[in-house]
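> sequence plus the predicted model coming up.
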Amino acid sequence: MNISVEYAHIYTHQSINDEHKLSLRALGETVSSIESEKNTAFLVVMIDDYSFPDPTFDYARFTSWLADQGRKPDLIIRESQLIPACDDVLRLLDDPKLRQEIIKYIQTKKKYPCSLFIAAWYLMRLGYIKSALFPHDLVAGELINILPESFKPVEEKGIEIIKSAGFENKIKDIHYKFLPINIWPEAKEPS
């Protein structure tokens, strides 16, 4: 089985820090476990250039650091690139209350909620949302997301969106390895 593993999530206003180093250690354990079961790990990194955009972020330096650590990803994607996929997910929602809540958030905040990006990203990695940004050969049957524990509430909201988009039966294919750290950026998205 192919398993897509997300790790080293970083915001463009951040520098490489202990969180990212801890993520790489967790990745090593995760990949070893995946390979011991004769599965294939696809490594993916999300760079959040949307929530707290910083045009001075050095993508090449971050990519080189990952490669120097022996953890070069198969794909790096910027969160802002997922906006069309977010629109696709929004159109799929069958819960009118949830859809209206998200639309109101977008209209009020003038930005998409993190939970909608999560849903789009996970459905893309599972192959249910198509995008030229995501190569078909990286589509996986399961996901493992190595993320800070402080992300749990927004991740839960993302799962709620996935369910409402008609993929409730795919939730069992989404797994987490939460890191015992709290790095949520300056502002927290309301649930």
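Yes, it's here.

> residue 145 falls within a strand, correct?
Yes. Residue 145 sits within a strand when classified using DSSP: H, G, I helix; E, B strand; the rest coil.

> identify the residues contacting it.
Residue 145 sits next to 5, 6, 122, 155, 174, 175, 176, 177 when contact means Cβ atoms under 8 Å, 6 or more residues apart in numbering. All C-beta spots, glycine's among them, are computed from the backbone N, C-alpha and C.

> select only the buried ones of these in PyMOL?
Per 16 or more other Cβ atoms under 10 Å, the buried members of the contacts of residue 145 correspond to this PyMOL selection:
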select buried, resi 5+6+122+155+174+176+177
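
> could you dump the contacts of residue 145 to CSV with pLDDT, distance to residue 50 and secondary structure?
What follows is the contacts of residue 145, written out as CSV (pLDDT from 0 to 100; distance: Cβ to Cβ, whole Å; DSSP: H, G, I helix; E, B strand; the rest coil):
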residue, pLDDT, distance to residue 50, secondary structure
5, 98, 22, strand
6, 98, 16, strand
122, 98, 16, helix
155, 97, 17, helix
174, 98, 21, strand
175, 98, 24, strand
176, 98, 21, strand
177, 97, 24, strand
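
> so who does residue 62 touch?
Residues counted as contacts of residue 62 (Cβ under 8 Å, 6+ apart) are 10, 16, 47.

> cross those against strands and list the overlap.
Per DSSP state E, strands hold the following members of the contacts of residue 62: 10, 47.

> from the contacts of residue 62, which is closest to residue 146?
Using Cβ to Cβ, residue 10 is the member of the contacts of residue 62 that sits closest to residue 146, with 12.3 Å.

> count the residues that sit near the spatially closest residue to that closest one that is not a sequence neighbour.
Once flanking residues are discounted, residue 10 sits nearest to residue 47: 5.7 Å by Cβ to Cβ, 6 or more residues apart in numbering. The local packing of residue 47 (other Cβ atoms under 10 Å) involves 21 other residues.

> roughly how far apart are residue 47 and residue 131?
16 Å (Cβ to Cβ, to the nearest Å).

> if anything else comes up later, I'll come back, but that's it for now.
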